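Colleague: Structure for this input, please:
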Amino acid sequence: RDQRIVSEKLKKETQDLIISKVMPQYSRDRTPEYWRLCWDAATPTQDQLITRHPHERLGNLILAVGGSGHSYKFLPVIGQYVTNVVNGVSSGEEKDAAWAWKTGKEKSGRGAHEKVFPKRELRDLEDEEGE
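Modeller: This is a model prediction of the structure:
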């Protein structure tokens with residue numbers, strides 16, 4: 001496995017956090033055998049995108065992405081809503097609006113989980129040259 005997928009800087013920060021806050025009983029002498037990084041995009045409103053691409057040439061591209069960093073847990077139930085988009089069926093006015101393509105003109109507001117919303121980009125945790 002390519003262990004460079006997760007930067008050394010991110011590994012150290014994660015291990016320090018685990019030891020200090022989550023699992024203080026975890027020994028600093030122990031290190032994980034391998035690391036995985038779960039990719040999940042966060043959208044500005046923290047709502048998922050479950051919609052067709054708005055451009056007419058890409059109208060057959062269906063997006064089911066994004067959210068607030070924990071969308072994976074919705075996989076068991078999201079299929080019916082993706083199927084609705086494929087079939088051109090509404091999932092209800094509220095869901096359709098929340099999961100629609102955002103143009104930036106919508107009323108902006110706080111996301112559902114503001115305190116856990118990422119405050120930096122993954123590139124901020126990449127190793128610098130020479131490290």
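
Colleague: which residues in this protein form strands?
Modeller: Assigned by DSSP state E, the strands in the chain fall at 49-52, 62-65.

Colleague: Which among the ones you listed is found nearest to W101?
Modeller: For W101, the closest of those is strand 49-52, at 5.2 Å, according to Cβ to Cβ. Where C-beta positions appear, they are placed from N, C-alpha and C, glycine not excepted.

Colleague: Which helix or strand in the protein has the lowest average pLDDT?
Modeller: helix 8-17 (a mean of 83; mean pLDDT, DSSP states H and E).

Colleague: Any idea how far that one is from the middle of the chain?
Modeller: Centroid displacement of helix 8-17 relative to its chain, using Cα atoms, centre = their mean, to the nearest Å, is 19 Å.

Colleague: and D96, what does it touch?
Modeller: By Cβ atoms under 8 Å, 6 or more residues apart in numbering, the contact set of D96 is S90.

Colleague: what do you get if the cut-off is 10 Å, keeping everything else the same?
Modeller: 50-51, 81, 84-85, 89-90 (Cβ atoms under 10 Å, 6 or more residues apart in numbering).
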